[in-house]
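1. Next one to model:
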Amino acid sequence: MIQSARKDSAKVLGYVDTGYFGFPPNNRRTRSGETSAAAWTSQAEGDVDAWYSYYGGYGLDGIFFDDALADCGSDNADVSLYITLRDYVKQHTDATVVDNPGGTVEQCYTSAADTLVTFEGTYASYVNWSPPAWESSASPSRLWHLVYDTPDENNMKNAIALSKARNAGYVYVTPDNVPNPWDTLPTGSYWTSDLSQAGTGS
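-> Residues are numbered from 1 along each chain as shown. You can find the predicted model right below:
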């Protein structure tokens, strides 16, 4: 499947949860029940190793770090955690690193990933959302917007037009909704139009 996707010029990324490194207010625990940043780093690096062990030989393109922090932290302590993970992934040739805080993220995180998911939310919230000023001068390849609960093709086309106006080089728009808007792909003309709008700039 990875090889087939790559033949169609798609990148395949392994999913790794960083659990906000266990920081408040989420206080997420690792699979072994720990909350420390060191424990989360160890688990994330182990998950990266597992992805490359299983699928590296098939052409895995990199890693998608989810539940990411968004603040630089005191003396850049928070973003440094993601720089460490980036460097760990970059041991693999041509690996792509994506961080997903799912919302407004400070500019320091451009040093922690190739691409940042700076919006993840509903169409209704996307229409009224304003990106931070630094995004307007960033390379579009650094920005990715994920828009769900987009009920029809006209709304989808508007969302994609907004993503381009907001300088995002990557966008995914879906009619799917919570609890998991990412568990299905759109179907029919919605999907073909989704691909066309995103890919052609029309």
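2. Can you list the residue ranges for strands in this protein?
-> Here the chain has its strands, by DSSP state E, at 13-17, 62-66, 96-99, 115-122, 143-148, 170-173.
3. Throw these into JSON lines and include mean pLDDT, thanks.
-> Listed next are the strands of the chain as JSON lines, based on pLDDT from 0 to 100:
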{"stretch": "strand 13-17", "mean pLDDT": "98"}
{"stretch": "strand 62-66", "mean pLDDT": "98"}
{"stretch": "strand 96-99", "mean pLDDT": "98"}
{"stretch": "strand 115-122", "mean pLDDT": "98"}
{"stretch": "strand 143-148", "mean pLDDT": "98"}
{"stretch": "strand 170-173", "mean pLDDT": "97"}
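4. Now mean neighbour count and distance to Ser42 too, for the ones you listed, in CSV please.
-> For the C-beta atoms, the positions are set from N, CA and C on the backbone; glycine is no exception. What follows is these, written out as CSV (neighbours: other CB atoms under 10 Å; distance: least, CB to CB, whole Å):
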stretch, mean neighbour count, distance to Ser42
strand 13-17, 18, 12
strand 62-66, 24, 14
strand 96-99, 23, 18
strand 115-122, 22, 24
strand 143-148, 24, 27
strand 170-173, 22, 30
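5. Turn those strands into CSV, including distance to Trp191.
-> Listed next are the strands of the chain as CSV, based on distance: least, CB to CB, whole Å:
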stretch, distance to Trp191
strand 13-17, 20
strand 62-66, 21
strand 96-99, 22
strand 115-122, 19
strand 143-148, 14
strand 170-173, 10
